[in-house]
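Student: I'd like to go over a predicted model; first the sequence, then the structure.
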Amino acid sequence: MDRAIHTDVVIIGSGASGGAVASVLAPLVAAGKRVIVLEKGGRIDPKQLTGAELESAALHYAFGGAHPTEDSTVTLAYAEGLGGSTLVYTGTSMTPPERVITGWKLPGLDYDDLVKRTEKYAAQNGATFIEESLINENNQLFKKGCEKLGYHARQFPINIRGCKGSSLCNLGCPNGAKQGTAQVQIPAAMKQGVEVVTHAEVTALRTGGRGGILDVVVDGGPHTHGSVSDWPAGKYVVHAHTVVMAAGAIYTPTLLMRSGLVADLPAIGRFWTCHPAHILAGEHDKPITNFVGFPKSYVWEERVETERYVLESCMYMPFITAKNLTGFGPDHERLMAAYDRLQMILVLACDDALPDQRVTIDQDGKPVIQYKLMPKTIEAMVRGTRAAAEIFFAAGASAVHAPSARPTLIERTENADLNTRIRTELFKPGTISVSAAHLMGGCRMGVSKADSVTTPLGQVHGHDWLYVADASLFPTALEINPYLTIMALADRVAEAVADREGQ
Ligand SMILES: Cc1cc2nc3c(=O)[nH]c(=O)nc-3n(C[C@H](O)[C@H](O)[C@H](O)COP(=O)(O)OP(=O)(O)OC[C@H]3O[C@@H](n4cnc5c(N)ncnc54)[C@H](O)[C@@H]3O)c2cc1C
Ligand code: SF4
């Protein structure tokens, strides 16, 4: 028989949003309330991490880091484990653009207040500018290329404590230096009595009892990673006064749909965005420090408003670099052989939030991401590719790999000809490796049931016991790395939940 658990608050997921909510609600425990976090993944000990690329990807990521969209033109990266995607994020800590937040026109959402909340989490996570002497050549070359062209590359604040520069951030930091919810907010909440249960997957939810009822399966293993669950394996029914969904922009809409809430809320799963991105590589004549040091230090975003792309310095491991290079044969071989001479830039496009870009479910209740690379997004990626190629050459690269060029390798002698070499019609979705790690939307905040799922405080329309706190709340793409904004929005939602619990 299913075991019954009774609690005041249950939080589904322990990533950026779940960790923030747990930390804000933790003081409720001293006031006699029960607060439980249910996390589908395991608790990963940094000592388990070897830095081996494929092994670490399998350990942290769903689908090995490449969950394909329905038409397989984009792959999605997100982690499952205590800490969610903060286990693998790079830790760039950005405040949201005012233009985007005010553009959401959400009653009660004040930009300055949101920024203050991002600052709270930036401080908790130790976000700081690393010293310039610690910035490796890959990143310095990005800045140098931008400066030569008169562009202003901004340094990212990074949330690290005791970074050893092993450049493994996206495979899980083996040194415990990168600060995510598994290092900061979750342990702080647990100290105050919040119960955290790993390997506990919520499979459905419904209205009932004092609020909501969840079906939960605790997986007893054997697990390839992570400690065993704090609850014995088996099926559970959890009765909660308040339920906070923090399962991320794929699984929160999935769970709501699977639970039959769609008829009432037609916007569930819709207006989904992800900042589709691809990496470009520039070949230098001499080896450069790239895969040691901190992997990502600069962003150039001066054209985001007009041209809808952002460029970031970045570093990718050998397997993912090989997978991302367009083409086969000699050009591919040449670049991989030059791995220690490669400079890398990430082109991120700002995609529009459209009703038909969405998460839906198949007949087994599994998520299906119906997302198309729209012509405007492709044009933005192509413009970004041209700008990145200019930066590579300005930084001294001898050749640039551009997926939307044929042949894909552009030699330095062709530098003056970038507009004709890099062209929109050569960007064929499905033939170019596009990935996304900033998954947003699907349960957007708003005022009406017709085009939103929650109120501006994350309460699901018509369900006073049910809140959403994660990246699925975003009405549109954020246009910058989102984790601090996700935590800041979760902070507001948690305050609303605390008010409800205090009544
Ligand atoms: C490789 C990579 C690099 C990134 N780098 C940066 C960066 O440098 N800066 C930045 O700002 N952002 C970065 N991001 C994005 C950022 O990490 C995410 O946007 C953010 O973590 C999303 O927060 P979330 O709470 O919505 O979801 P997540 O953090 O993904 O957490 C969701 C959690 O819910 C759990 N879950 C899902 N379904 C269930 C269920 N049914 N039952 C129980 N638990 C469930 C999952 O296992 C997961 O732990 C990066 C992301 C990736 C993948
Ligand atoms: S670069 Fe720093 S934060 Fe990233 S994995 Fe290495 S030690 Fe950890």
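Tutor: Yes, it's here. Small disclaimer: the values here were computed from a predicted structure and weren't measured. Numbers count the residues shown, from 1 in each chain. Ligands and ions are numbered 1, 2, ... in the order given.
Student: In the stretch 1-150 of the chain, which residue sits nearest ligand 1?
Tutor: Across the stretch 1-150 of the chain, the shortest distance to ligand 1 (C-beta to the nearest ligand atom) belongs to Gly15, at 2.0 Å. Bear in mind the C-beta positions are built from the backbone N, C-alpha and C, glycine included.
Student: give me every residue that touches that residue.
Tutor: By C-beta atoms under 8 Å, 6 or more residues apart in numbering, the residues touching Gly15 are 79, 83-86, 181, 246, 248, 470.
Student: So for it, what's the pLDDT?
Tutor: As predicted, Gly15 sits at a pLDDT of 98.
Student: so what's it closest to, chain neighbours aside?
Tutor: Distance criterion C-beta to C-beta, 6 or more residues apart in numbering; nearest residue to Gly15, sequence neighbours excluded, is Gly84 at 1.9 Å.
Student: hang on, the one you found packs against Ile11?
Tutor: No - Gly84 is not in contact with Ile11 according to C-beta atoms under 8 Å; the separation is 11.4 Å.
Student: Let me see the ranges of the helices in the stretch 151-300 of the chain.
Tutor: In the stretch 151-300 of the chain, the segments counted as helices under DSSP state H, counting those that start in this stretch are 185-191, 248-258.
Student: Give me the contact list for the shortest one.
Tutor: Contacts made with helix 185-191 from outside it, assessed by C-beta under 8 Å, 6+ apart, are listed as 14, 19-20, 22-23, 25-26, 35, 37, 82-83, 124, 196.
Student: switch the cut-off to 10 Å
Tutor: For helix 185-191, contacts defined as C-beta atoms under 10 Å, 6 or more residues apart in numbering pick out 11, 14-16, 18-27, 29, 35, 37, 39, 43, 82-84, 86, 121, 124-125, 179-181, 194-196, 487, 490.
Student: so how far is that helix from its chain's centroid?
Tutor: Its chain's C-alpha centre and that of helix 185-191 lie 22 Å apart, by C-alpha atoms, centre = their mean, to the nearest Å.
Student: ok, now the longest one?
Tutor: For helix 248-258, the distance between its averaged C-alpha position and the chain's averaged C-alpha position is 15 Å (C-alpha atoms, centre = their mean).
Student: can you pull up the bridge partners for Thr75?
Tutor: Pro68, Ser435 (DSSP bridges).
Student: Can you say which of the contacts of helix 185-191 are buried?
Tutor: Among the contacts of helix 185-191, those scoring as buried are 11, 14-16, 18-26, 29, 35, 37, 39, 43, 82-84, 86, 121, 124-125, 179-181, 194-196, 487, 490 (criterion: 16 or more other C-beta atoms under 10 Å).
Student: Mind checking which of those are in helices?
Tutor: Among the buried ones among the contacts of helix 185-191, the ones falling in helices (DSSP state H) are 16, 18-25, 29, 121, 124, 487, 490.
Student: Report the two of those residues separated the most.
Tutor: Ala16 and Val29 (21.6 Å; C-beta to C-beta).
Student: and this protein, which of its residues are near ligand 1?
Tutor: Contact residues, the chain versus ligand 1 (C-beta under 6 Å from any ligand atom): 12-18, 38-41, 77-78, 80, 84-86, 88-92, 170, 201-202, 246-249, 251, 255, 437-438, 470-471, 481-483, 486.
Student: Compute the inter-axis angle for the longest strand belonging to the chain and helix 248-258.
Tutor: As assigned by DSSP state E, the longest strand anywhere in the chain is strand 234-245. Angular relation of strand 234-245 and helix 248-258 on a 0 to 180 degree scale: 110 degrees, by axes from the mean of the first three to the mean of the last three C-alpha atoms, to 10 degrees.
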